[in-house]
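Engineer: this one's sequence-less:
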């Protein structure tokens, strides 16, 4: 078996172009030669097909995606037969939420709120079906030309209906650090409140153009999430409606017990922020914690650049050291030859 390419047939699908490539798979635009429908085909690279953990994740993504049926979720299709590992999905004409969010000052509040409402509606459905996504992030959300959000990639989802898919078979450090809930960072499997945290983080970023936590590396960010308070959104956007800040900070509380108990509760507030009563959560953030976060970030940057300078100096020392050794060896050889 070899890698597939554009122009080839993969069972009933003719691959017409490459839509995207990641570190583990290629996504092709294709034509279903039975129905004539345009579809998307996700094909893993050959080296991952024999990986047991990757196979389990890929299988989970297909099984969960096939079971869920909601306009806010990319639909997974069932081919008549499969000659190798791949996932057939509905083709979405649009762009990722990440590409829409590429702005320093954030999106207009009305647009951010509209997108968050759709994602919350999808979470309500998903959770009612016993599925927790656990890797909700802008890269895993497509937005169609008419503004409809579509969630995809259920590779690390928890599915209550699939009892054989256990937590013990997975790595404890899964998900994407910027959007992972503190309990995921600590190695716990999470629940519906884990998705609420991720949605709160996405809304924070859509409104401000920044993330609640930042640092020179992922380890700094992960450590901060478990021990420090986030920056309040108004630290980046001073004129932000305090009711929207209340919704965001409620969703990204470090302790899951302090967050919205369900996506439905968060959806109610998103649909009608005028009924939200600010609890002054930003004022209750521990000032020492915020100061320590800023200090650690500066220390992290200093340490990073110091290590670069150190490595550069070591290279210079080695460059000077070894030529000198070679010259002495040559002089020794000349002396022996005489």
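Structural biologist: Alright, I've got the coordinates. In this text the structure is predicted, and so the values were computed from the model without any measurement.
Engineer: where does the stretch 51-200 of the chain dip in pLDDT?
Structural biologist: In the predicted model, the stretch 51-200 of the chain carries pLDDT under 70 at residues 162-175.
Engineer: residue boundaries of the helices in it?
Structural biologist: Secondary structure of the stretch 51-200 of the chain (DSSP state H, counting those that start in this stretch): helices at 52-67, 97-100, 109-128, 182-185, 192-208.
Engineer: likewise the stretch 201-338 of the chain?
Structural biologist: Across the stretch 201-338 of the chain, reading from the start of the chain, the helices by DSSP H, counting those that start in this stretch fall at 218-227, 242-251, 263-271, 281-284, 287-337.
Engineer: mind checking how far residue 26 is from residue 37?
Structural biologist: Counting by CB to CB, to the nearest Å, the gap between residue 26 and residue 37 amounts to 20 Å. All C-beta atoms are positioned from the backbone trio N, CA, C, and that covers glycine.
Engineer: of these two, which one has the most company?
Structural biologist: It is residue 26, of residue 26 and residue 37, that has more neighbours when counted by other CB atoms under 10 Å, with 20 against 14.
Engineer: re earlier: any idea which of the helices of the stretch 51-200 of the chain is most buried?
Structural biologist: For the helices of the stretch 51-200 of the chain, the stretch with the most neighbours on average is helix 192-208, a mean of 26; neighbours defined as mean count of other CB atoms under 10 Å.
Engineer: need the contact list for the residue lying closest to residue 226 once chain neighbours are set aside.
Structural biologist: Among residues not flanking residue 226 along the chain, residue 182 sits closest, at 4.9 Å (CB to CB, 6 or more residues apart in numbering). By CB atoms under 8 Å, 6 or more residues apart in numbering, residue 182 lies in contact with 197, 225-226, 254.
Engineer: please repeat the previous calculation with a cut-off of 7 Å.
Structural biologist: Neighbouring residues of residue 182 by CB atoms under 7 Å, 6 or more residues apart in numbering: 225-226, 254.
Engineer: nearest to residue 177, of those?
Structural biologist: residue 225 (8.1 Å; CB to CB).
Engineer: hang on, that closest one packs against residue 214?
Structural biologist: No. Counting by CB atoms under 7 Å, residue 214 is not a contact partner of residue 225; they are 11.1 Å apart.
Engineer: okay, the two: which has more neighbours?
Structural biologist: Looking at residue 225 and residue 214 with other CB under 10 Å, you find the greater number of neighbours at residue 225, namely 24 against 16.
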